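Engineer: Pasting the sequence and the predicted model now:
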Amino acid sequence: MIEDKERWNKRHVEKPMRHNVEPVLEKYIDKASVGTALDIACGVGRNTHFIADKGFEVDAVDFSDYALSQVQENDRIKKIEVDLDTYNLEVNKYDLIININYLSRRLFPQIKEALKRGGIVIFETFIVAHGDFNNPANPEYLLRTNELLHAFVGLDIIYYEEKDDINLRGEKIRVASLVAQKR
């Protein structure tokens, strides 16, 4: 566990990302009612800050203490340092949940349960790609075609797409994006 934390801390220091807000979040945040939000694997808070500025009370969750130290101090942001391999989400707590560039399949059902009625999930992460892509090499961290869509069956799908993209480091990637609402 300590080795994982050190690996993530090192990654944030040696390969810092730009601080741009994820476009899918910018486009769809207004679908969510302002209230409580969860940013899963928030990193240095690029999306956390945006959500807080929109008026949400944000639980910013990450394993990297270095990354969390970069999240600005704000009355609307609660930093939570946890191992996401063992962390469990509270049921019926959030109006908005975002999960960007992180994959833990065990959290799929928990995300659905953690949403309040009317709550929105915005999820985007890497998908299996062939050729000249810079996606993670470990298949455990890659979605399969339509996997994200199938994982959130039971929610109303607002938007779903699988596409080639450019990551925050300017590298070619393939991602799946989903925006869905709990009724």
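Structural biologist: On my side now, so go ahead. Numbering: from 1, shown residues only.
Engineer: Could I get the buried residue list for stretch 171-181?
Structural biologist: Within stretch 171-181, the residues that qualify as buried are 173-181, counting by 16 or more other C-beta atoms under 10 Å. C-betas here are computed from N, CA, C, even on glycine.
Engineer: State the helix or strand in which the spatially most central residue of the chain lies.
Structural biologist: When the chain is reduced to its mean C-alpha position, the nearest residue by C-alpha atoms, centre = their mean turns out to be Asn99, at 1.7 Å. Using DSSP states H and E, the secondary-structure element containing Asn99 is strand 94-100.
Engineer: Break down this protein into its strands, ranges please.
Structural biologist: Remark: strands of the chain, listed N- to C-terminal, are 36-40, 57-62, 77-81, 94-100, 115-126, 156-166, 172-181; assignment by DSSP state E.
Engineer: could I get these as TSV with mean pLDDT and distance to Asp30?
Structural biologist: Converted to TSV, the strands of the chain look like this (pLDDT from 0 to 100; distance: least, C-beta to C-beta, whole Å):
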stretch	mean pLDDT	distance to Asp30
strand 36-40	98	13
strand 57-62	98	16
strand 77-81	97	20
strand 94-100	98	11
strand 115-126	97	10
strand 156-166	94	11
strand 172-181	94	11
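Engineer: Can you lay out those as a markdown table showing distance to Leu25?
Structural biologist: Compiled in a markdown table, these are given as follows (distance: least, C-beta to C-beta, whole Å):
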| stretch | distance to Leu25 |
| --- | --- |
| strand 36-40 | 10 |
| strand 57-62 | 12 |
| strand 77-81 | 16 |
| strand 94-100 | 6 |
| strand 115-126 | 5 |
| strand 156-166 | 12 |
| strand 172-181 | 9 |
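Engineer: Of those, which is nearest His49?
Structural biologist: Shortest separation from His49 across the strands of the chain is recorded for strand 77-81, at 7.7 Å, computed as C-beta to C-beta.
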